[in-house]
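> A predicted structure for the sequence below; I have some questions about it.
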Amino acid sequence: MKDNRWFFALQHFKAPLLISSMYGLSSLSAIAQPLDPNVATEGQKVYMASCNNCHKSEAGVGAPGYMILVQMPPRAILAALETGKMREQGKQLTEQQRKAVAQFVAGKPLVETKIPDDAYTSFSLPLSKKTQVMHSGWGGNLEGTGYRSAEQAGLSAETVGKLKLKWAFAFPDVSQVRSKPAIVGDWLISGSQFGEVYCLNKHTGKIGWRFLADAAVRGAISVVQKGSDIRAYFADNNTNTYALDVRTGKLIWKSKAGIHPQSGNTGSVAVYDNMVYVPLTSIEVVSVLDPNYPCCSSSGEVVALDARSGKVVWRHRVIQEEAKEIGKKKNGAPYYGPSGAIVWCSPTVDAKRGLLYLGTGENYTAPATTTSDAIQALNLKTGKLVWSFQATKGDTWNMSCPGNPNCPDKVGPDFDFGMAPILVKRPNGQDLLVAGQKSGIVYGLSPSTGKVLWQTRIGHGSALGGIHWGMATDGKLVYAANADNKYAINPKVDSLIKPAPGLFALDVTTGDIVWKTPAPSCNGKKGCLEANSAAPTAMPGLVFAGGLDGHLRAYSATDGTILWDYDTMKEYQTVNGIKGKGGSIDGPSPVVADGMVFVSSGYGLFGEIPGNVLLAFEIEE
């Protein structure tokens, strides 16, 4: 913490009041539910001894600062310590200590919110072989284009101005909403921060069924229909992968994809031809904050599972060789490598070429590999590497940088390919693979060889800037969200390259910038960030994109003019009776279907504003 006065105010349970004042929100429930002083004392003691050293800063790319943590509900903090990014640190504490820390930091008791009975409704899905899957997966199709046809979307540039909020659903106790719903008939299927998977009526927001996974479900839900059989596939942050019967919400099978104890999942699974492709990252990127952690030994992976049984078919390690001791850290402990090159994103399927495309992240430790910060193509059936294109060499970085013994000697810029590559057919009929990097550069690649056909810089780029979560395309233009913001300035980048937050449209054939719309000013709004980080959605004449300022906007696909704007950063009366508020929009793109628009609002990390709602909009006649 930069100012001890903040700490002493917060430790006396004023955190909720301070945060509500900072962000213009009404008083939170912690004021009405005082925390047991004995629990607070124990939690403070453990926090100062085990957590404070890494959580001092207020925001940024490293560990979330204390002012970020106090915005989280205790259940979210506890989940991070037990099944999330901090589970390695959590292992060093007793169950009682973990609960005490969670309650002390949040400033309120650890009580799971109960959803009232009237939030539920009867569930039914017609028993028909007719296709009922209206949206599935990260990009809405195997190619990951993020495109909706006029028929699928059910709205246009002429009608978008009539969109009105229909309902709001609040996920209990969460501080971020990042799972992207699938749509099956009249139902949405979406995951949550604590592993609940909800099936909601898309017209009312009422719950048809609820399934509980073992850990956070962060990615999109992928749904496959074969005849009258409809299955939903997804993974949790502990790499457990699930197949559910959509008609009942019951588990068909569960299979753990990760082998390394630090393996995690944040990307969405892709499903094709009886295979489920699971991308794996590693929480070693956070575990390194402990200078005594034996850093580092994990590798990014993609694991193919049989969609019928969940059995492993093949496993692709981004770093082929196993990590070994490469030297000593500054504290004298062994240092291991190579490691990292994690896979954050959803894989993209190229059925015609029999290839699976993925993006990789930075190396956690030296030696740097040729497979980090890369786009790779694998054989769908075998997982064998067909080609690999590396955009940034020598990128060794982890969250211990700078100064911690686990930080590499040569600190890289952390220029992941965090978004799913997009396979697009250009106007001339030829295919192109498009990928955006956190460096702020968009690449057009040959899908057969990985050869660069064009590249275009649209921003400054940094660990939190550039192209973060994704793009979309209508086959003529590629729409790229640029996440450059005040926390996304990288001193390693040429100072003449200026940050350019906003939405860009590039010619898919040449890569030329056709138009750009800067992120609108926050006009002094507290806690607001002016940037576009979440993936957009494209359709004829329109592009929907959410901002870190909490606004969902519809842009003209022709020239980038903003045609419709809704500020989600407010409190809501929700259909499930849980207190709901919107925040920053980050992560997945909005889902558009049958004249309705669904968007998640709330992302309580990296200086962004927390929230817990899924919002549904509909054309008002």
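Received, thanks.
> Next one, pLDDT for residue 487 please.
If you check residue 487, the pLDDT there is 69.
> Actually, residue 463.
Taken from the predicted model, the pLDDT recorded for residue 463 is 87.
> Remind me which helix or strand it belongs to.
In this structure, residue 463 sits in neither a helix nor a strand according to DSSP states H and E.
> Now it, what are its backbone angles?
phi -60, psi -30 (degrees, to the nearest 10).
> host element of the residue nearest to residue 123 when sequence neighbours are not counted?
Closest residue to residue 123 apart from its sequence neighbours, by Cβ to Cβ, 6 or more residues apart in numbering: residue 208 at 3.2 Å. All C-beta spots, glycine's among them, are computed from the backbone N, C-alpha and C. Residue 208 is part of strand 207-212, with elements assigned from DSSP H and E.
> how about the next helix or strand along the chain from that strand: buried residues?
Toward the C-terminus, strand 207-212 is succeeded by strand 222-226 as the next helix or strand (DSSP H and E). By 16 or more other Cβ atoms under 10 Å, the buried positions in strand 222-226 come out as 222, 223, 224, 225.
> The third one touches residue 230, doesn't it?
Spelled out, that is residue 224. Yes: Residue 224 is within contact range of residue 230, at 7.5 Å (criterion: Cβ atoms under 8 Å).
> just to revisit the earlier point, determine how far the strand holding residue 208 lies from the middle of the whole chain.
22 Å (Cα atoms, centre = their mean, to the nearest Å).
> swap in stretch 539-551?
17 Å.
> what's the answer for stretch 35-48, then?
31 Å.
> Let me see the mean pLDDT of that stretch.
On average, stretch 35-48 scores 73.
> Can you tell me what sits against it?
11, 13, 93, 96-97, 99-105, 107-109 (Cβ atoms under 8 Å, 6 or more residues apart in numbering).
> ok, 7 Å please
By Cβ atoms under 7 Å, 6 or more residues apart in numbering, the surrounding residues in contact with stretch 35-48 are 11, 13, 93, 97, 100, 101, 103, 104, 105, 107, 108, 109.
> now, which of those sits nearest residue 440?
Of all the contacts of stretch 35-48, residue 440 sits closest to residue 105, with 34.3 Å by Cβ to Cβ.
> That closest one against residue 76, yeah?
No: applying Cβ atoms under 7 Å, one finds residue 105 not in contact with residue 76, separated by 10.0 Å.
> Show me the strands in the stretch 201-350 of the chain, by range?
For the stretch 201-350 of the chain, applying DSSP state E, counting those that start in this stretch gives strands covering 207-212, 222-226, 229-235, 240-245, 250-256, 263-264, 270-272, 275-282, 301-306, 312-317, 324-328, 334-337, 339-340, 348-350.
> Check which residues of the last one are buried.
The one in question is strand 348-350. Under 16+ other Cβ under 10 Å, the buried positions of strand 348-350 are 348, 349, 350.
> and that strand, what's its mean pLDDT?
98.
> Who does it pair with, and is each partner parallel or antiparallel?
strand 355-359 (antiparallel) (DSSP bridges).
> Contacts only, for the most centrally placed residue in the chain.
For the chain, residue 587 is the residue whose C-alpha lies nearest the centre (Cα atoms, centre = their mean; 4.2 Å). By Cβ under 7 Å, 6+ apart, residue 587 lies in contact with 178, 469, 534, 603.
> Please state the backbone phi and psi of the nearest residue to the third one once chain neighbours are set aside?
If I follow you right, that is residue 534. Distances taken as Cβ to Cβ, 6+ apart place residue 546 nearest to residue 534, at 4.4 Å, with adjacent residues excluded. Backbone torsions for residue 546, taken as degrees, to the nearest 10, come to phi -90, psi 150.
> For burial, what's the neighbour tally of residue 546?
A count of neighbours around residue 546, defined by other Cβ atoms under 10 Å, yields 30.
> pLDDT at it, what is it?
pLDDT, read off for residue 546, is 98.
> just checking, it touches residue 533?
No: counting by Cβ under 7 Å, residue 546 stays clear of residue 533, with 8.4 Å between them.
> can you pull the pLDDT of residue 358?
You'll see residue 358 listed with a pLDDT of 98.
> That should have said residue 191, apologies.
Model confidence at residue 191 (pLDDT) stands at 97.
> tell me the contacts of it?
By Cβ under 7 Å, 6+ apart, the contact list for residue 191 reads 179, 197, 217, 221, 234.
> Take those residues and lay them out in CSV including distance to residue 366 and pLDDT.
Formatted as CSV, these follow (distance: Cβ to Cβ, whole Å; pLDDT from 0 to 100):
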residue, distance to residue 366, pLDDT
179, 35, 95
197, 40, 97
217, 34, 94
221, 38, 98
234, 35, 98
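> could you flag which of those are buried?
Neighbour-count burial (16+ other Cβ under 10 Å) applied to the contacts of residue 191 gives 179, 197, 217, 221, 234.
> Same list (those) but as a markdown table, adding distance to residue 116.
Formatted as a markdown table, these follow (distance: Cβ to Cβ, whole Å):
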| residue | distance to residue 116 |
| --- | --- |
| 179 | 22 |
| 197 | 19 |
| 217 | 23 |
| 221 | 24 |
| 234 | 26 |
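> Looking at these, which is nearest residue 279?
residue 234 (12.0 Å).
> Who are the packing partners of the helix or strand where residue 151 lies?
Using DSSP H and E, the element containing residue 151 is helix 150-153. Using 3 or more Cβ pairs under 7 Å, 6 or more residues apart in numbering; DSSP states H and E, no helix or strand is in contact with helix 150-153.
> Return the closest of the buried ones among the contacts of residue 191 with respect to residue 438.
residue 179 (22.0 Å).
> quick one: the residue nearest to the closest one when sequence neighbours are not counted from residue 614, how far?
Closest residue to residue 179 apart from its sequence neighbours, by Cβ to Cβ, 6+ apart: residue 191 at 3.6 Å. Residue 191 sits 11 Å away from residue 614, going by Cβ to Cβ, to the nearest Å.
> Many thanks, we can stop here.
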